[in-house]
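Q: Structure here, sequence nowhere to be found:
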């Protein structure tokens, strides 16, 4: 299973194995990682699973679709690596992925 | 001294969150979830959407997977109901007569589909849509080219209509009121949804009362009070939900159209909290008693209730929000629109499929229906939460970003 490293805003590091086909959001929710809220359960409806994808990994993830891009426009403190973690599905190629979590989802 | 035990009754969205939040808040004792359905807590919204269509499986819609609960040491008793609560002895008694003692109890019993007894309601093919088993039943009757009649033009009815249409069925929606979604949206938004459904080929009939169902073993037609008859191979009843309050009521807790809870999720018994669809609470923002049927309420109230049980009380003050997917139309609703005195439409509601409807009261936005407009939804939330006074003309002008209205005040 791909290993995903979640770096919380306070610097806490969680390395978690997430199943292929599952999302970066689900990995966080299953492991009590605070920085991801994910109210809508992955329907791309709430923008409460915002994360920052590490620069080295940005090109290896399929780009955001129009709906996700719209949602990302209004997250708190957007950055070039901003993504909704429910829209990032794990594949073997993403083994080692690093994401950072924002201070707040609201 | 034995380990402290928290029992959570009901295994839906609120239950999954409550168990998780208990651990996050430092609960070290046992956590036991008791659920009538045989499966782990799952996301209910996809039932009328991607789960109905078969695009998603049960595993896809589980809120958390089994390994996650194991890691948190959250235990389950599934496929069994709770018969009653003995508050004096601090015990729950299960339907199989098992007695379990608790130190703290959380009621997350949810709601159930409102049912109606009409001639022929017992016919095969007359279905409801609330849980996995309901969807499995509906799927037996789904086939391209056959006829589905949906009774009730609310969220569940319209989402189901959209999905069945996409499965190739002929679909008719019968609504008792004079417009669809009349309980939750403005007439302008109802008109928009009626147009979208008609453009997609769904027949919507309003001002019609269903009087019964015809058929020998399986349903063949829906009869209406005015004499009209609609051919049906499948009927889905989407006429609302009722909160599951009977356990609480029988145990003597305060119940009034929902288990009454305070701003910390506490019931009238200090050792019992409740969260989600089964509760009713006072919302200070809207100065009203609210019983909300939503994931947001289940999740946020569960967090507050868990904090209360861990003696770290937090105030429940989240803004209610909802969503609904029908065809290519993603609706996101923030706030409660009842009592609005002005409506501002931003975007093309007449011909397009992207706009936002802002509901105002005394110059403040109290709710927003955002259709394929996540930006208006998220910024509308800020307008509501921060009680930002807005100019109605500016708000209606899609050339002015809502963000500018926010910045005008905060900047």
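A: On my side now, so go ahead. Just so it is clear, the structure is predicted and the values come from calculations on it, not from any experiment.

Q: shouldn't residue A:73 be in contact with residue B:377?
A: No. Assessed by CB atoms under 8 Å, residue A:73 is found out of contact with residue B:377, at 11.4 Å. Bear in mind the C-beta positions are built from the backbone N, C-alpha and C, glycine included.

Q: Who has more neighbours out of these two?
A: When neighbours are counted by other CB atoms under 10 Å in any protein chain shown, residue A:73 and residue B:377 differ, and residue B:377 comes out ahead with 28 against 16.

Q: can you pull the contacts of the more buried one?
A: Residues near residue B:377 by CB atoms under 8 Å, 6 or more residues apart in numbering or on different chains: B:332, B:334, B:356, B:368, B:370.

Q: ok, and the closest non-adjacent residue to residue B:293?
A: Excluding the flanking residues, the one nearest residue B:293 by CB to CB, 6 or more residues apart in numbering or on different chains is residue B:277, at 5.2 Å.

Q: Checking the one you found next. Helix, strand or coil?
A: coil (DSSP: H, G, I helix; E, B strand; the rest coil).

Q: re earlier: tell me which two of the contacts of residue B:377 sit farthest apart.
A: Farthest pair in those (CB to CB) is B:334 and B:356. Separation: 10.1 Å.

Q: between those two, what contacts are shared?
A: B:368, B:370, B:377, B:380.

Q: So which of those residues are in strands?
A: In strands, defined here by DSSP state E, the members of the shared contacts of residue B:334 and residue B:356 are B:368, B:370.

Q: now, among the shared contacts of residue B:334 and residue B:356, which is nearest to chain A?
A: For these, the closest approach to chain A (CB to the nearest CB) belongs to residue B:377, at 8.4 Å.

Q: Quick check: which ranges of chain B have low pLDDT?
A: B:1-2, B:409-411 (pLDDT under 70).

Q: Write out the residues of it neighbouring chain A.
A: Where chain B comes near chain A, counting by CB under 8 Å from any CB of the partner chain, the residues are B:20, B:23-24, B:43, B:45-46, B:61, B:63-65, B:67-68, B:71-72, B:295-296, B:299, B:321, B:323, B:325, B:330, B:332, B:372-375, B:378-379, B:403.

Q: Just the buried residues from these, in PyMOL please.
A: Buried residues among the residues of chain B next to chain A (16 or more other CB atoms under 10 Å in any protein chain shown), as a PyMOL selection:
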select buried, chain B and resi 20+23+43+45+46+61+63+64+65+68+72+295+296+299+321+323+325+330+332+372+373+374+375+378+379
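
Q: Show me how far stretch A:23-34 is from its chain's centre.
A: Stretch A:23-34 sits 9 Å away from the centroid of its parent chain (CA atoms, centre = their mean, to the nearest Å).

Q: count of neighbours near residue B:57?
A: 10.

Q: tell me the contacts of it?
A: residue B:51.

Q: on that earlier part again, who's more crowded, residue B:334 and residue B:356?
A: Higher neighbour count among residue B:334 and residue B:356: residue B:334, with 28 against 25, using other CB under 10 Å.

Q: and that one, that one's in a strand?
A: Yes. Counting by three-state DSSP, residue B:334 falls inside a strand.

Q: quick one: it and chain A, what's the gap?
A: Going from residue B:334 to chain A by CB to the nearest CB, to the nearest Å gives 10 Å.

Q: isn't that residue right up against residue B:382?
A: No. Using CB under 8 Å as the test, residue B:334 is too far from residue B:382 to be in contact (9.5 Å).

Q: now the contacts of residue B:377 in TSV, with distance to residue B:348?
A: Shown next, in TSV, are the contacts of residue B:377 (distance: CB to CB, whole Å):
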residue	distance to residue B:348
B:332	18
B:334	21
B:356	11
B:368	17
B:370	14
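
Q: Could you pull up phi and psi at residue B:261?
A: Residue B:261 adopts backbone torsions of phi -130, psi 150, taken as degrees, to the nearest 10.

Q: could you say which helix or strand contains the closest residue to chain A within the stretch 101-250 of chain B?
A: Of all residues in the stretch 101-250 of chain B, residue B:159 sits closest to chain A, at 12.1 Å by CB to the nearest CB. Using DSSP states H and E, residue B:159 falls within helix B:155-166.

Q: buried set for that helix?
A: Neighbour count says helix B:155-166 has B:155, B:156, B:157, B:158, B:159, B:160, B:161, B:162, B:163, B:164, B:165 buried, by 16+ other CB under 10 Å.

Q: try stretch B:76-86
A: In stretch B:76-86, counting by 16+ other CB under 10 Å, buried: B:76, B:77, B:82, B:85.

Q: Also stretch A:90-105?
A: A:90, A:94, A:97, A:98, A:99, A:100, A:101, A:102, A:105.

Q: quick one: the residue nearest to residue B:293 from residue B:219, how far?
A: Residue B:277 is 28 Å from residue B:219, where distance means CB to CB, to the nearest Å.

Q: Equivalent analysis for residue B:51, please.
A: Counting by CB to CB, the gap from residue B:51 to residue B:219 is 23 Å.

Q: So which elements touch the helix or strand of chain A with the lowest mean pLDDT?
A: Of all helical and strand segments in chain A, the minimum by mean pLDDT, DSSP states H and E falls on helix A:66-72, at a mean of 87. Other helices and strands packing on helix A:66-72, by 3 or more CB pairs under 8 Å, 6 or more residues apart in numbering or on different chains; DSSP states H and E, are strand A:82-84, helix B:374-385.

Q: Same list (those) but as CSV, adding distance to residue B:351.
A: Listed next are the helices and strands packed on helix A:66-72 as CSV, based on distance: least, CB to CB, whole Å:
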stretch, distance to residue B:351
strand A:82-84, 30
helix B:374-385, 18
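
Q: among the ones you listed, which is nearest residue B:144?
A: Nearest of these (CB to CB): helix B:374-385, 32.6 Å.

Q: Could you identify the helix or strand that succeeds that closest one?
A: Downstream of helix B:374-385 (by DSSP H and E), the next one is helix B:392-396.

Q: Who are the packing partners of that following helix?
A: In terms of contacts (3+ CB pairs under 8 Å, 6+ apart), helix B:392-396 is packed against strand B:342-348, helix B:402-410.

Q: deepest of these, which one?
A: Stretch with highest mean neighbour count among those: strand B:342-348 (a mean of 17; mean count of other CB atoms under 10 Å in any protein chain shown).

Q: strands paired with that one, and their directions?
A: The strands that strand B:342-348 pairs with in its sheet are strand B:354-361 (antiparallel) (by DSSP bridges).

Q: outside of the strand it pairs with, which residues touch it?
A: Contact partners of strand B:354-361, identified using CB under 8 Å, 6+ apart, comprise B:185-186, B:188-189, B:192, B:335, B:337, B:339-349, B:365-373, B:376-377, B:380, B:383, B:390, B:392, B:395.

Q: Can you turn the buried part of those into a ChimeraX selection?
A: Command for ChimeraX that selects the buried part of the contacts of strand B:354-361, burial taken from 16+ other CB under 10 Å:
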select /B:185,186,189,192,335,337,340,343,344,345,346,347,349,365,366,367,368,369,370,371,372,373,376,377,380,383,390,395
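
Q: Flag every residue of chain A that's near chain B.
A: Residues of chain A found near chain B (CB under 8 Å from any CB) are A:26, A:29-32, A:34, A:39-43, A:45-47, A:67, A:70-71, A:73-75.

Q: What subset of those residues is buried?
A: Buried subset of the residues of chain A next to chain B (neighbour count, 16+ other CB under 10 Å): A:26, A:29-32, A:39-43, A:45-47, A:70-71, A:73-75.
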